[in-house]
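Chemist: heads up, no residue letters with this:
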């Protein structure tokens, strides 16, 4: 099992550009989520999904879109990047079968200039 | 509202000294609490959860509902324990509310 994978590992964007952060898991977990990690702020939930076709907003959803067309994939889209979105992004998956333990991806370090 | 508070941004101890990383929470129901650890340049990984009552890498954490606390303890710190530690509260079963984290530095 590869677990949770994320691409790219690093990305630099200019203000106003759009991009998609990819996340995939091969554990057949029903739940997936996106967090951003900022110094002194911990991890904050952006969006989450409880299954294919179902997504909802977390604590800091503005400027981000998600979709969940398959169980395995949960991409995060930045529509028009802003410097405030410079952060490390973590994708995670979990399942009721493992008592909701969150498995994290390696992260994507995004810089917006 | 659910909230997790980790009052210490940085905790520095000497090798062999006891360690306690504090975590307080606010939650109206029966909480499901976790400690996650992030070693340098690695992904977050589960350290322990209160429901399992396990001891992982010598760390323990006891849920105190009266004080709404879930402090992480280890009797003798090791240099390899240096990492970022996050306390987290289950958020409706599929995501977590994280505290802001405590950076633990164990010096020789």
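Modeler: Perfect, I can see it now. None of these values were measured; they are calculated from a predicted model.
Chemist: was I right about residue B:104 contacting residue B:17?
Modeler: No - with contact defined as Cβ atoms under 8 Å, residue B:104 and residue B:17 do not form a contacting pair (11.3 Å). All C-beta spots, glycine's among them, are computed from the backbone N, C-alpha and C.
Chemist: what touches both of those two?
Modeler: Common contacts of residue B:104 and residue B:17 (Cβ atoms under 8 Å, 6 or more residues apart in numbering or on different chains): residue B:77.
Chemist: least trustworthy helix or strand in chain B by mean pLDDT?
Modeler: Every helix and strand in chain B was compared by mean pLDDT, DSSP states H and E; the lowest is strand B:95-98, with a mean of 88.
Chemist: strands paired with that strand, and their directions?
Modeler: Sheet pairing of strand B:95-98 (DSSP bridges) gives strand B:83-91 (antiparallel).
Chemist: Relative to the whole chain's centre, how far out is the partner strand?
Modeler: 6 Å (Cα atoms, centre = their mean, to the nearest Å).
Chemist: Averaged pLDDT, it. What do you get?
Modeler: Mean pLDDT, strand B:83-91: 92.
Chemist: May I see the buried residues of stretch A:63-78?
Modeler: For stretch A:63-78, the neighbour count (16 or more other Cβ atoms under 10 Å in any protein chain shown) marks A:64, A:66-68, A:71-72, A:74-76, A:78 as buried.
Chemist: Give me every residue in chain A lying close to chain B.
Modeler: Taking Cβ under 8 Å from any Cβ of the partner chain, the part of chain A that reaches chain B is made up of A:30-31, A:33, A:35, A:40-45, A:48, A:50, A:58, A:90, A:92, A:94, A:96, A:99-102, A:104-107.
Chemist: quick revisit: got the buried residues of stretch A:63-78 as JSON lines, with secondary structure and pLDDT columns?
Modeler: As requested, the buried residues of stretch A:63-78 are arranged in JSON lines below (DSSP: H, G, I helix; E, B strand; the rest coil; pLDDT from 0 to 100):
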{"residue": "A:64", "secondary structure": "strand", "pLDDT": "97"}
{"residue": "A:66", "secondary structure": "strand", "pLDDT": "97"}
{"residue": "A:67", "secondary structure": "coil", "pLDDT": "96"}
{"residue": "A:68", "secondary structure": "coil", "pLDDT": "97"}
{"residue": "A:71", "secondary structure": "coil", "pLDDT": "96"}
{"residue": "A:72", "secondary structure": "coil", "pLDDT": "97"}
{"residue": "A:74", "secondary structure": "coil", "pLDDT": "98"}
{"residue": "A:75", "secondary structure": "coil", "pLDDT": "98"}
{"residue": "A:76", "secondary structure": "strand", "pLDDT": "98"}
{"residue": "A:78", "secondary structure": "strand", "pLDDT": "96"}
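Chemist: out of the residues of chain A next to chain B, which are inside strands?
Modeler: Counting by DSSP state E, these place A:31, A:33, A:35, A:42-45, A:48, A:50, A:90, A:92, A:94, A:104 in strands.
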